[in-house]
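Chemist: sharing a model prediction with you, sequence too.
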Number of protein chains: 2
Amino acid sequence: MVTISDIAAALGVTPSTVSRALSGSPRVKEETRLAVEKMAAEMGYERNIVASNLRKGRSDIVGIIVPRIHRNFFSNVIGGAESILEAAGYCVLICQTHERFDAEVKALRTLRNNQVAGVLMSHAIGSENGDHIREVLGDRIPLVQFDRVFSELSGAKVVSNNFEGAYAATKHLVEQGYRRIGTLAGYMNSEAYAARLEGYRQALRDSGLPVDESLVHYDTIVRETGFEAGLKAIAAGCDALYSAGDFSALGAIGAARSRGLRIPEDFGIVGTANEAFTALMTPSMSSLALNPFEMGRQAAQAFLAGEEGTVVVPMELKVRDSSSRNKQQSQP
Amino acid sequence: MVTISDIAAALGVTPSTVSRALSGSPRVKEETRLAVEKMAAEMGYERNIVASNLRKGRSDIVGIIVPRIHRNFFSNVIGGAESILEAAGYCVLICQTHERFDAEVKALRTLRNNQVAGVLMSHAIGSENGDHIREVLGDRIPLVQFDRVFSELSGAKVVSNNFEGAYAATKHLVEQGYRRIGTLAGYMNSEAYAARLEGYRQALRDSGLPVDESLVHYDTIVRETGFEAGLKAIAAGCDALYSAGDFSALGAIGAARSRGLRIPEDFGIVGTANEAFTALMTPSMSSLALNPFEMGRQAAQAFLAGEEGTVVVPMELKVRDSSSRNKQQSQP
DNA sequence: CGGAATAATACAAACGTTTGTACAAACTTT
DNA sequence: AAAGTTTGTACAAACGTTTGTATTATTCCG
């Protein structure tokens, strides 16, 4: 491998001059820079990033920590972040936590030990608060949280308008004539889910419907728990559900079917996340779409800009068959 | 940050001894090692990976290059590889090529410049051969190819039994009574697709059916191209398709519907990859399942073992409604 | 034209680790 | 007990880059 010293020797200058020339320092003559660049190209030089990182104390790697990359939402966030970061000369190190606290701590350690330039993350369900994050990251490594955020932590945050989204989804169910609407609320240690639950409640209140806490089902996030909660909701006389997740909504549909209910005639449902399958199933599932690609872009930009604020990315309700009792509309 | 020199100073030994103690060298006394480990723990020492990497000339990072992480197949391969590599003390750097040649070259460069310990990859459709891979990686960085492999490249390979899988899928269509079976064959610069096409052909031959080249549709891989190819196939009188991808199969289903054909009565289809949506749609789609998690595990193990051979991971045909004209069976 | 100011480059130390070699001490062996 | 062998540490040189300071070359001004 050719080093800056090789280039320096070939040109009769010192390594420091070569280094400065290649990094665009104003302290080298234009003429020298050109000569260095030419020689570097000729010799096929490429900067040793590891050495550079050691000396600079940080790398060009940005770490992204997500619960699971195969979730449509997260892989699209990653895609969005990548599109910005790559253009800015960073590369992306992706870690999965599988929703486990210990894996999250390990991922944070790995990133810190690799001296990443920054961390973009959405915490695991298994994390109750953000203490470990600041503890591992210290105050040297910038942090951008997205989707699931701990608001007590400093640093930029990118979130959806969960309250408004869930509000719109629930209102939509009301408008379709459903009257006893429950919710699969998810995990309350995530502020995103908590905000959705509040939006659901507010929509019921504003519609003059009672808010019945027995219709709120917590800790539902996968298909299985959605199925069980769906059975309970049906037993409690629900005629519709707003689910804070698509997979749990899928489970609930299974539950409704197992009880012989027709969708959307007897039972309406709106999920959240707009997973690919929602549009492809029959009946197609209405879902409150997040905008993950844009969230990833915003998170990356917040990191690059070094700003501290909270960016809100709007959600969009995709009305499909599973909640369309009044047959006027249906989106693909 | 506390360094090995700090520990050395605190114990009155030299940094080299501390380094050897922490890395388990047999050249330090058991007693010394214990003292070093104790002091390291007390002082909260963590090895500076970047410095270590610089000195050793390689890192504990394994790069994984895939066309797109949001593809179910690839995210599961990554998950499988991660499960093995993490346990072995490596961390995983993921790059997407978005099927573009230039992005692939860039990813390879990034990985090499980060001195990764190895690369696991599935090449982009845009790559016609593996010249650039060996050129960038040199012969120092071990390479493991999976799914889409260039057999001319040295190094381990993990593939599916594409020939046998496509053979089984096509035979299944024959057994269901379809007689004019076409195929959405994908890109022929990928050996995986080429092998599937051969399996399809062989199954027709063995069934005594003619192999009609006009029923082979190339370069179909997304929904749109699948739709177009589907229209052509229907116009040519096909009553079934084996598609080398699920998304193109989805497009073909759309094409059949747009022509008023019932599935599976008038038109049968089997996709490939067993994407999540295939089981959830109505009618559910038969698909030739790959085993991505296992492929990822195998690729990681091949890297760790440093072996050169080719590992074949078997595919499994998931028979569902879209190809079940004889109503006896249907899998979830 | 001398001296000050500026520009361009050279020098050298540092980042924290690993590792080959040298050395000293503690054991064997005859 | 001297010589040889093993064992445990110390020493020092890397790995390739960056960057503060020193030095030399150039320009400017009165």
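Modeler: Sure thing, it's come through. Numbers count the residues shown, from 1 in each chain, chains lettered A, B, ... in the order given.
Chemist: hey, where'd the helices end up in chain A?
Modeler: A:4-11, A:15-22, A:30-43, A:49-56, A:72-87, A:101-113, A:131-137, A:162-175, A:191-206, A:223-235, A:246-258, A:276-280, A:292-305 (DSSP state H).
Chemist: for B:S5, which of those helices is the nearest?
Modeler: The closest of the helices of chain A to B:S5 is helix A:49-56. By CB to CB, the value is 15.0 Å. Yep, even glycine has a C-beta here, placed from its N, CA and C like the rest.
Chemist: export the helices of chain A as TSV, with columns for mean neighbour count.
Modeler: Below are the helices of chain A laid out as TSV (neighbours: other CB atoms under 10 Å in any protein chain shown):
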stretch	mean neighbour count
helix A:4-11	18
helix A:15-22	19
helix A:30-43	15
helix A:49-56	18
helix A:72-87	22
helix A:101-113	19
helix A:131-137	17
helix A:162-175	22
helix A:191-206	20
helix A:223-235	20
helix A:246-258	24
helix A:276-280	20
helix A:292-305	23
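Chemist: so can I have JSON lines of the ones you listed showing distance to DNA strand D and mean pLDDT?
Modeler: Output for the helices of chain A, formatted as JSON lines (distance: least, CB to the nearest atom of the strand, whole Å; pLDDT from 0 to 100):
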{"stretch": "helix A:4-11", "distance to DNA strand D": "3", "mean pLDDT": "96"}
{"stretch": "helix A:15-22", "distance to DNA strand D": "3", "mean pLDDT": "96"}
{"stretch": "helix A:30-43", "distance to DNA strand D": "9", "mean pLDDT": "95"}
{"stretch": "helix A:49-56", "distance to DNA strand D": "3", "mean pLDDT": "94"}
{"stretch": "helix A:72-87", "distance to DNA strand D": "19", "mean pLDDT": "92"}
{"stretch": "helix A:101-113", "distance to DNA strand D": "17", "mean pLDDT": "92"}
{"stretch": "helix A:131-137", "distance to DNA strand D": "21", "mean pLDDT": "94"}
{"stretch": "helix A:162-175", "distance to DNA strand D": "41", "mean pLDDT": "98"}
{"stretch": "helix A:191-206", "distance to DNA strand D": "38", "mean pLDDT": "96"}
{"stretch": "helix A:223-235", "distance to DNA strand D": "50", "mean pLDDT": "96"}
{"stretch": "helix A:246-258", "distance to DNA strand D": "46", "mean pLDDT": "95"}
{"stretch": "helix A:276-280", "distance to DNA strand D": "42", "mean pLDDT": "87"}
{"stretch": "helix A:292-305", "distance to DNA strand D": "19", "mean pLDDT": "97"}
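Chemist: need these in TSV (columns: distance to B:A117).
Modeler: Shown next, in TSV, are the helices of chain A (distance: least, CB to CB, whole Å):
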stretch	distance to B:A117
helix A:4-11	24
helix A:15-22	27
helix A:30-43	26
helix A:49-56	12
helix A:72-87	22
helix A:101-113	14
helix A:131-137	24
helix A:162-175	41
helix A:191-206	37
helix A:223-235	37
helix A:246-258	35
helix A:276-280	34
helix A:292-305	27
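Chemist: of those, which is nearest B:R325?
Modeler: helix A:276-280 (21.9 Å).
Chemist: quick one: contacts for A:P292?
Modeler: By CB atoms under 8 Å, 6 or more residues apart in numbering or on different chains, the residues touching A:P292 are A:N72, A:F73, A:F74, A:S75, A:N76, A:V77, A:G79, A:G80.
Chemist: want to throw these into TSV with distance to chain B?
Modeler: What follows is the contacts of A:P292, written out as TSV (distance: CB to the nearest CB, whole Å):
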residue	distance to chain B
A:N72	6
A:F73	10
A:F74	9
A:S75	4
A:N76	6
A:V77	10
A:G79	7
A:G80	11
